[in-house]
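Q: predicted structure and sequence below. I'll ask about it afterward.
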Amino acid sequence: MIRVTDIHKHYGTLEVLRGVSLEVAAGEVVSIVGASGAGKTTLLQIMGTLSRPDGGSVRIGGTDVFALNDRALSRFRNERIGFVFQFHHLLPEFTAFENVCIPGFIGKRPRAEVERRATELLQLMDLASRRDHKPGQLSGGEQQRVAIARALVNAPAVLLADEPSGNLDSRNRDEIHRLFFDLRDRLGQTIVIVTHDEGLAAMADRRITMRDGLVLQ
């Protein structure tokens, strides 16, 4: 599903990624671990097309993403990649349901289709009774589940998560960890997770360790 080949990335004179290559199979949950500054988040941003590499290529579902022009790349990102971050970034003036729908509306999908998918995802997240609540009325764990539903509303090929449980207490953290594997089992979702949480990293099908801009294993 994902093929990253010889990725290089510089910020000024600092070489953050030094020829990273890896593959992720469809339906696989992969964790990426390593010390701060190892290049994990930079790699995830490039995999998610949020940042362009200085060299190398990224293929998602067979598409060479950086061969696309900016408009096509934006559309590909909206339709094929879901993002979950440490902080949920929900829009406070909208309800949980409306927040989940937003990427579908941005992608100009039919309203009825988007709303049906959002309803199904909120049910999957055990949030059906909270659909009309705004983020300020939800717990931290509920907000993060809404953010995960939002990431999935366009049925993306891959879900990329950057420290998705780093801002949660232990109970909500464990719930979010289990949720990722439930999504893989129910939806066949391909998931890449950058994390410092050893428990979550150990749960993954495969663990990739980075150090100084390189993949060690």
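A: That came in fine, so what should we check first? Numbering: from 1, shown residues only.

Q: now the most centrally placed residue in the chain, what's its secondary structure?
A: The chain has Leu160 as the residue nearest its centroid, 2.2 Å off, counting by CA atoms, centre = their mean. What DSSP: H, G, I helix; E, B strand; the rest coil gives for Leu160 is strand.

Q: who touches the nearest residue to it once chain neighbours are set aside in this structure?
A: In space, and not counting its chain neighbours, Leu160 is closest to Gly48: 4.8 Å by CB to CB, 6 or more residues apart in numbering. Glycine gets a C-beta too; all of them are placed from N, C-alpha and C. Taking CB atoms under 8 Å, 6 or more residues apart in numbering, we find Gly48 in contact with 77, 81, 83, 160.

Q: what subset of those residues is buried?
A: Neighbour-count burial (16 or more other CB atoms under 10 Å) is assigned, among the contacts of Gly48, to 77, 81, 83, 160.

Q: those residues in strands, which ones?
A: 81, 83, 160 (DSSP state E).

Q: go ahead and confirm the first one touches Ala155.
A: Okay, so that is Ile81. No. Applying CB atoms under 8 Å, one finds Ile81 not in contact with Ala155, separated by 11.2 Å.

Q: after the helix or strand of the chain with the lowest mean pLDDT, which helix or strand is next?
A: None of the helices or strands of the chain scores lower by mean pLDDT, DSSP states H and E than helix 170-187, at a mean of 79. The helix or strand immediately downstream of helix 170-187 is strand 190-194, counting by DSSP states H and E.

Q: paired strands for that next one, with orientation please.
A: Strand 190-194 pairs in its sheet with strand 29-33 (parallel), strand 158-162 (parallel), by DSSP bridges.
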